[in-house]
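Colleague: Below are the sequence and a predicted model for it; my questions follow.
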Amino acid sequence: IYIMFIFNYIYYKLKNLYDIIVGNFRFVNLLNKISKNNLNELSEEELLKIKNLVIDNGAIAIKFIQWYISNVTVEPNSKIDFIFGDLFDNCPIHSIKNTELMFYEDFKTKIEEIVDFQSMEVIGSGSIGQVYKGKLFNGKEVAIKVKHPDVERIASHQMYSINFVILLQKIKFFKDLLNIHFDLNDFIGNLLLQLEFKNEVFNCYRFRKIYQKNDMIIFPNVYYYSSNIIISEFVDGVEMDSL
């Protein structure tokens, strides 16, 4: 039994180390491809290759490309918008089983005891989490935001790569050689804030108070929350572009 325990311990440690090394290599390779090219000048085929690299690297890479595209000059309705646009609110989704497990871990109760399970449908998925529309048993429509599983584990692994690139940025030779002239500290700051869902809840409370007398702006009321899940009232609306 002790031999098996030691074997399993060594196996999982080595596997974890392997995942970190491979994940970091892929992430640095992605940063290199993005930084060495002007996205506006690439063909659709080249942009699709970068997009596939981003998706293969997981949630943190998707968050990075969102941040990067938002900080570079992109022409409206360009091929960049066309190819990368769905990575802002139509990212890969996780299974309902993952949602059930996370809900139980955070609230120590089954999600079907709070929400009409049959009413739940995914209405959007971002890099950090996905959003369901559903109903509480009292009939109230709710939006349920759930963090993607393993996001924080992936973030902690890829943080080694990000810190390494930040170190290289401090050396002018490497900064110019690799063309890494973007502010990764700003990206990390945004990422860490968004990984903690309680920040979003507190901001919602804050802005509800600020705009409570403004009929043009609605911040939904939050019913339940944790670090990984937010259940708030569902407020129907329209796309910003149609206003």
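Modeller: Now that the structure is in, tell me what you want to look at.
Colleague: can you pull out the helices in this protein?
Modeller: Here the chain has its helices, by DSSP state H, at 2-35, 44-57, 59-70, 79-84, 86-89, 96-107, 151-169, 172-178, 184-195, 197-210.
Colleague: for the protein, what helix or strand is lowest in average pLDDT?
Modeller: Across the helices and strands of the chain, mean pLDDT, DSSP states H and E gives its lowest value to helix 2-35, namely a mean of 72.
Colleague: rewinding a little: go through the helices of the chain and pick out the most buried.
Modeller: Stretch with highest mean neighbour count among the helices of the chain: helix 59-70 (a mean of 21; mean count of other C-beta atoms under 10 Å). (Glycine included, C-beta is placed from N, CA and C.)
Colleague: before we move on, the earlier item: adding distance to residue 216, write the helices of the chain out as TSV.
Modeller: Formatted as TSV, the helices of the chain follow (distance: least, C-beta to C-beta, whole Å):
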stretch	distance to residue 216
helix 2-35	38
helix 44-57	36
helix 59-70	25
helix 79-84	27
helix 86-89	23
helix 96-107	33
helix 151-169	34
helix 172-178	45
helix 184-195	26
helix 197-210	13
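Colleague: For residue 233, which of these is the nearest?
Modeller: Closest approach to residue 233 among the helices of the chain is made by helix 197-210 (10.7 Å; C-beta to C-beta).
Colleague: And that closest one, what does it pack against?
Modeller: Taking 3 or more C-beta pairs under 8 Å, 6 or more residues apart in numbering; DSSP states H and E as contact, the helices and strands that helix 197-210 lies on are strand 141-147, strand 222-225, strand 229-233.
Colleague: how big is the angle separating it from strand 141-147?
Modeller: 140 degrees (axes from the mean of the first three to the mean of the last three C-alpha atoms, to 10 degrees).
Colleague: how about the CA coordinates for helix 197-210, as CSV?
Modeller: Output of helix 197-210 as CSV, limited to C-alpha atoms (Å, rounded to 0.1, in the frame of the first residue of the first chain):
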residue,chain,number,x,y,z
PHE,A,197,-16.4,36.6,-8.9
LYS,A,198,-17.0,38.4,-5.6
ASN,A,199,-15.4,41.5,-7.1
GLU,A,200,-18.1,41.5,-9.8
VAL,A,201,-20.8,41.2,-7.2
PHE,A,202,-19.4,44.1,-5.1
ASN,A,203,-19.1,46.2,-8.2
CYS,A,204,-22.7,45.4,-9.1
TYR,A,205,-23.9,46.5,-5.6
ARG,A,206,-21.8,49.7,-5.9
PHE,A,207,-23.2,50.7,-9.3
ARG,A,208,-26.8,49.8,-8.3
LYS,A,209,-26.4,52.4,-5.5
ILE,A,210,-24.8,55.0,-7.8
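Colleague: so what's the closest residue to residue 87 other than its chain neighbours up against?
Modeller: Once flanking residues are discounted, residue 87 sits nearest to residue 62: 5.5 Å by C-beta to C-beta, 6 or more residues apart in numbering. When contacts are counted by C-beta atoms under 8 Å, 6 or more residues apart in numbering, residue 62 is found next to 54, 55, 87, 91, 127.
Colleague: try residue 87
Modeller: 51, 54, 55, 62, 65, 66, 127.
Colleague: Could you measure from it over to residue 243?
Modeller: According to C-beta to C-beta, to the nearest Å, residue 87 and residue 243 sit 23 Å apart.
Colleague: roughly how far apart are residue 198 and residue 82?
Modeller: Residue 198 is 35 Å from residue 82, by C-beta to C-beta.
Colleague: Repeat that for residue 135.
Modeller: For residue 135, the distance to residue 82 - C-beta to C-beta - is 35 Å.
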